[in-house]
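J.: Quick one, structure for this:
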Amino acid sequence: MDIASLFLDSDLIDATHTFSATTPIWPNNTKLLRCPTGGDNYNAEAYVLSGGCGTHTDAPLHFKKGMKSISDLEQDDLVSPLVLIDATKQCSQNHDYALSKADILLWEAENGTIPNGAFVAMRSGWSSRWHSEQEFQNFGSDGQMHFPGFSGEAAHFLIEERDIHAIGIDTLSLDIGMSMDFIVHITILGAGKYQVENMDLRDSRIPAKGAWIIASPMKLKDAPEAPTRVLIVVPKK
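T.: A predicted model of the protein is given here:
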(Lines give C-alpha, C1' and ligand atoms only; values in the text may rest on other atoms or scores of the structure.)
Protein backbone atom coordinates (compact mmCIF):
# COMPACT_ATOMS: atom_id res chain seq x y z
CA MET A 1 0.00 0.00 0.00
CA ASP A 2 1.26 3.49 -0.87
CA ILE A 3 0.67 5.17 2.48
CA ALA A 4 1.98 8.51 1.20
CA SER A 5 -0.91 8.74 -1.26
CA LEU A 6 -3.40 8.66 1.63
CA PHE A 7 -2.20 12.07 2.77
CA LEU A 8 -2.77 13.86 -0.54
CA ASP A 9 -5.46 16.51 -0.14
CA SER A 10 -6.54 15.11 3.24
CA ASP A 11 -6.94 16.28 6.82
CA LEU A 12 -4.98 14.44 9.50
CA ILE A 13 -6.71 13.88 12.85
CA ASP A 14 -4.91 12.62 15.94
CA ALA A 15 -7.18 10.14 17.72
CA THR A 16 -4.68 9.63 20.55
CA HIS A 17 -5.13 10.91 24.09
CA THR A 18 -2.16 12.73 25.59
CA PHE A 19 -0.60 10.47 28.21
CA SER A 20 0.24 11.74 31.70
CA ALA A 21 0.34 10.68 35.34
CA THR A 22 -3.38 11.52 35.62
CA THR A 23 -4.45 9.44 32.61
CA PRO A 24 -7.47 7.22 33.46
CA ILE A 25 -6.35 3.61 33.79
CA TRP A 26 -7.81 0.15 34.23
CA PRO A 27 -8.00 -0.49 37.99
CA ASN A 28 -4.73 -1.90 39.41
CA ASN A 29 -2.72 -0.99 36.30
CA THR A 30 0.47 1.00 36.81
CA LYS A 31 0.18 4.76 36.40
CA LEU A 32 2.91 6.61 34.54
CA LEU A 33 6.09 7.10 36.56
CA ARG A 34 8.66 9.49 35.07
CA CYS A 35 12.26 9.26 36.24
CA PRO A 36 14.67 12.04 35.15
CA THR A 37 17.94 10.58 33.83
CA GLY A 38 19.44 13.60 32.07
CA GLY A 39 22.51 15.63 32.81
CA ASP A 40 23.52 19.27 33.02
CA ASN A 41 23.30 19.84 29.28
CA TYR A 42 20.40 17.62 28.19
CA ASN A 43 17.00 16.30 29.29
CA ALA A 44 16.12 12.61 29.39
CA GLU A 45 13.68 10.40 31.25
CA ALA A 46 12.95 6.74 31.97
CA TYR A 47 9.31 5.66 32.09
CA VAL A 48 7.38 3.01 33.99
CA LEU A 49 3.78 2.30 32.94
CA SER A 50 1.37 -0.50 32.09
CA GLY A 51 1.29 -1.43 28.41
CA GLY A 52 -2.51 -1.26 28.51
CA CYS A 53 -2.77 2.35 29.64
CA GLY A 54 -3.82 5.34 27.58
CA THR A 55 -4.55 4.89 23.89
CA HIS A 56 -3.12 1.43 23.26
CA THR A 57 -3.28 -1.69 21.11
CA ASP A 58 -4.12 -5.20 22.31
CA ALA A 59 -2.43 -7.90 20.25
CA PRO A 60 -3.94 -11.41 20.01
CA LEU A 61 -1.35 -12.53 22.57
CA HIS A 62 -3.13 -10.41 25.18
CA PHE A 63 -5.77 -13.10 25.67
CA LYS A 64 -4.24 -16.25 24.21
CA LYS A 65 -0.75 -17.72 24.49
CA GLY A 66 1.01 -18.54 21.24
CA MET A 67 -0.85 -15.86 19.26
CA LYS A 68 0.63 -12.79 17.54
CA SER A 69 2.33 -10.24 19.74
CA ILE A 70 2.62 -6.51 19.13
CA SER A 71 5.89 -6.99 17.24
CA ASP A 72 4.25 -9.65 15.04
CA LEU A 73 1.52 -7.37 13.69
CA GLU A 74 1.98 -6.76 9.97
CA GLN A 75 2.29 -3.13 8.85
CA ASP A 76 -0.44 -3.60 6.24
CA ASP A 77 -2.84 -4.61 9.02
CA LEU A 78 -2.16 -1.33 10.82
CA VAL A 79 -3.42 0.83 7.93
CA SER A 80 -7.11 0.30 7.29
CA PRO A 81 -10.27 1.89 5.92
CA LEU A 82 -12.14 3.28 8.92
CA VAL A 83 -15.74 2.46 9.77
CA LEU A 84 -17.10 4.71 12.52
CA ILE A 85 -20.33 3.66 14.19
CA ASP A 86 -21.69 6.50 16.33
CA ALA A 87 -23.65 5.22 19.32
CA THR A 88 -23.30 8.38 21.40
CA LYS A 89 -27.04 8.84 21.80
CA GLN A 90 -27.65 5.27 22.96
CA CYS A 91 -24.70 5.39 25.35
CA SER A 92 -25.80 8.69 26.90
CA GLN A 93 -29.06 7.00 27.84
CA ASN A 94 -27.52 3.67 28.91
CA HIS A 95 -23.97 3.59 30.26
CA ASP A 96 -23.95 -0.21 29.86
CA TYR A 97 -24.91 -0.04 26.19
CA ALA A 98 -23.44 -2.83 24.05
CA LEU A 99 -23.21 -2.23 20.31
CA SER A 100 -25.36 -4.86 18.61
CA LYS A 101 -25.38 -6.65 15.29
CA ALA A 102 -28.52 -4.65 14.49
CA ASP A 103 -26.52 -1.42 14.99
CA ILE A 104 -23.91 -2.63 12.52
CA LEU A 105 -26.54 -3.65 9.97
CA LEU A 106 -28.20 -0.25 10.33
CA TRP A 107 -24.82 1.42 9.63
CA GLU A 108 -24.48 -0.78 6.52
CA ALA A 109 -27.99 0.08 5.35
CA GLU A 110 -26.96 3.74 5.38
CA ASN A 111 -23.34 3.44 4.26
CA GLY A 112 -22.85 0.16 2.40
CA THR A 113 -21.23 -3.11 3.45
CA ILE A 114 -18.20 -2.84 5.72
CA PRO A 115 -15.16 -3.00 3.40
CA ASN A 116 -12.65 -5.82 3.63
CA GLY A 117 -9.75 -5.05 5.92
CA ALA A 118 -11.69 -2.40 7.82
CA PHE A 119 -11.03 -1.03 11.27
CA VAL A 120 -14.45 -0.79 12.96
CA ALA A 121 -14.58 1.88 15.66
CA MET A 122 -17.42 2.58 18.08
CA ARG A 123 -17.91 6.16 19.22
CA SER A 124 -19.66 6.10 22.58
CA GLY A 125 -19.01 9.70 23.59
CA TRP A 126 -16.81 8.53 26.46
CA SER A 127 -13.84 10.61 25.25
CA SER A 128 -15.50 13.65 26.83
CA ARG A 129 -14.87 12.06 30.26
CA TRP A 130 -11.11 11.72 29.77
CA HIS A 131 -10.40 14.64 32.11
CA SER A 132 -11.58 12.61 35.11
CA GLU A 133 -10.55 9.06 35.97
CA GLN A 134 -13.58 8.80 38.25
CA GLU A 135 -15.97 9.70 35.44
CA PHE A 136 -14.12 7.55 32.90
CA GLN A 137 -14.11 4.41 35.05
CA ASN A 138 -17.64 5.21 36.25
CA PHE A 139 -17.90 2.83 39.19
CA GLY A 140 -21.45 2.30 40.44
CA SER A 141 -22.77 1.51 43.90
CA ASP A 142 -22.54 -2.15 42.88
CA GLY A 143 -18.74 -1.89 42.79
CA GLN A 144 -18.61 -2.40 39.02
CA MET A 145 -17.52 -0.06 36.24
CA HIS A 146 -20.28 1.08 33.92
CA PHE A 147 -19.22 2.12 30.43
CA PRO A 148 -20.29 1.06 26.90
CA GLY A 149 -18.66 -1.44 24.56
CA PHE A 150 -19.26 -3.95 21.80
CA SER A 151 -21.56 -6.92 22.34
CA GLY A 152 -20.38 -10.48 21.88
CA GLU A 153 -22.95 -10.78 19.08
CA ALA A 154 -21.39 -7.84 17.25
CA ALA A 155 -17.88 -9.23 17.68
CA HIS A 156 -18.91 -12.62 16.30
CA PHE A 157 -20.63 -10.98 13.33
CA LEU A 158 -17.54 -8.93 12.45
CA ILE A 159 -15.32 -12.02 12.64
CA GLU A 160 -17.62 -14.58 11.03
CA GLU A 161 -19.44 -12.49 8.42
CA ARG A 162 -17.08 -9.59 7.68
CA ASP A 163 -13.35 -9.49 6.92
CA ILE A 164 -12.01 -6.87 9.31
CA HIS A 165 -8.52 -5.99 10.52
CA ALA A 166 -9.45 -4.66 13.93
CA ILE A 167 -11.94 -2.90 16.18
CA GLY A 168 -11.55 0.12 18.45
CA ILE A 169 -13.37 2.23 21.00
CA ASP A 170 -13.13 5.37 23.15
CA THR A 171 -13.53 3.55 26.49
CA LEU A 172 -11.25 1.48 28.73
CA SER A 173 -12.32 -1.79 27.10
CA LEU A 174 -13.98 -3.22 24.00
CA ASP A 175 -16.22 -5.17 26.40
CA ILE A 176 -18.71 -3.22 28.49
CA GLY A 177 -17.41 -2.12 31.89
CA MET A 178 -19.39 -4.67 33.88
CA SER A 179 -18.32 -7.61 31.68
CA MET A 180 -17.11 -10.68 33.52
CA ASP A 181 -16.41 -12.96 30.55
CA PHE A 182 -14.63 -10.51 28.19
CA ILE A 183 -16.28 -12.22 25.25
CA VAL A 184 -15.34 -9.43 22.81
CA HIS A 185 -11.65 -9.76 23.69
CA ILE A 186 -11.83 -13.52 23.36
CA THR A 187 -13.63 -13.35 20.01
CA ILE A 188 -11.58 -10.62 18.33
CA LEU A 189 -8.14 -11.54 19.66
CA GLY A 190 -8.85 -15.25 19.37
CA ALA A 191 -9.42 -14.73 15.64
CA GLY A 192 -5.95 -13.20 15.29
CA LYS A 193 -7.22 -9.61 15.01
CA TYR A 194 -6.10 -6.65 17.12
CA GLN A 195 -7.99 -3.94 18.96
CA VAL A 196 -7.39 -0.38 20.14
CA GLU A 197 -8.82 1.05 23.35
CA ASN A 198 -9.04 4.58 24.79
CA MET A 199 -9.21 6.27 21.39
CA ASP A 200 -10.07 9.96 21.22
CA LEU A 201 -13.03 10.10 18.85
CA ARG A 202 -14.39 13.54 19.73
CA ASP A 203 -13.46 15.25 16.47
CA SER A 204 -16.62 15.84 14.45
CA ARG A 205 -14.64 15.74 11.20
CA ILE A 206 -14.27 11.95 11.47
CA PRO A 207 -16.84 10.55 8.99
CA ALA A 208 -18.84 7.36 9.20
CA LYS A 209 -16.96 6.07 6.14
CA GLY A 210 -14.31 7.16 3.68
CA ALA A 211 -11.47 7.85 6.13
CA TRP A 212 -8.37 5.73 6.79
CA ILE A 213 -6.81 4.90 10.13
CA ILE A 214 -3.18 4.30 10.98
CA ALA A 215 -2.62 2.52 14.30
CA SER A 216 1.06 2.59 15.22
CA PRO A 217 1.88 0.75 18.47
CA MET A 218 5.34 0.90 20.00
CA LYS A 219 7.05 -2.16 18.47
CA LEU A 220 7.79 -4.02 21.68
CA LYS A 221 9.07 -7.54 21.08
CA ASP A 222 6.68 -10.28 22.22
CA ALA A 223 4.43 -7.75 23.98
CA PRO A 224 0.69 -8.37 24.50
CA GLU A 225 -0.13 -4.62 24.57
CA ALA A 226 1.58 -1.35 23.71
CA PRO A 227 0.93 2.41 23.78
CA THR A 228 -0.25 3.54 20.34
CA ARG A 229 -0.40 6.70 18.26
CA VAL A 230 -3.61 6.63 16.22
CA LEU A 231 -3.95 8.90 13.20
CA ILE A 232 -7.06 9.26 11.04
CA VAL A 233 -6.72 10.45 7.45
CA VAL A 234 -9.86 12.19 6.18
CA PRO A 235 -9.95 13.03 2.44
CA LYS A 236 -11.09 16.58 1.77
CA LYS A 237 -14.33 16.81 -0.15
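
J.: Who's the closest spatial neighbour of T113, skipping the chain neighbours?
T.: Nearest residue to T113, sequence neighbours excluded (C-beta to C-beta, 6 or more residues apart in numbering): R162, at 7.8 Å. The way it works is simple: take the backbone N, C-alpha and C, and place the C-beta from them, glycine included.

J.: could you list every residue that touches the one you found?
T.: R162 makes contacts with 113-114, 118, as judged by C-beta atoms under 8 Å, 6 or more residues apart in numbering.

J.: for those, which one is nearest Y42?
T.: A118 (43.6 Å; C-beta to C-beta).

J.: pLDDT score for the closest one?
T.: The model reports A118 with a pLDDT of 98.

J.: returning to what we had before: which among the contacts of R162 end up buried?
T.: 114, 118 (16 or more other C-beta atoms under 10 Å).

J.: Out of the contacts of R162, which sit inside strands?
T.: A118 (DSSP state E).

J.: would JSON lines of the contacts of R162 with distance to P81 be doable?
T.: Below are the contacts of R162 laid out as JSON lines (distance: C-beta to C-beta, whole Å):
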{"residue": "T113", "distance to P81": "12"}
{"residue": "I114", "distance to P81": "9"}
{"residue": "A118", "distance to P81": "5"}
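
J.: for K89, helix, strand, or coil?
T.: helix (DSSP: H, G, I helix; E, B strand; the rest coil).

J.: Look at it and say how many residues are nearby.
T.: By the measure other C-beta atoms under 10 Å, the count of residues near K89 is 10.

J.: Could you measure from it over to S124?
T.: Remark: distance between K89 and S124 (C-beta to C-beta, to the nearest Å) = 10 Å.

J.: Of the contacts of R162, which is the nearest to K65?
T.: A118 (27.5 Å).

J.: The closest one and L84 touch, don't they?
T.: No. A118 is beyond contact range of L84, at 10.3 Å (criterion: C-beta atoms under 8 Å).

J.: Could you tell me which residues touch both of the two?
T.: Joint contacts of A118 and L84 (C-beta under 8 Å, 6+ apart) do not exist.

J.: where along this protein do the helices fall?
T.: With helices called from DSSP state H, the chain shows them at 3-6, 88-93, 101-111, 133-137, 152-160, 183-190.

J.: Check the offset of the longest one from the chain's centre.
T.: The one in question is helix 101-111. 20 Å (C-alpha atoms, centre = their mean, to the nearest Å).

J.: In terms of secondary structure, what does that helix contact?
T.: strand 79-86, helix 152-160 (3 or more C-beta pairs under 8 Å, 6 or more residues apart in numbering; DSSP states H and E).

J.: go on, the fifth one?
T.: If you count contacts as 3+ C-beta pairs under 8 Å, 6+ apart, helix 152-160 packs onto helix 101-111, strand 164-169, helix 183-190.
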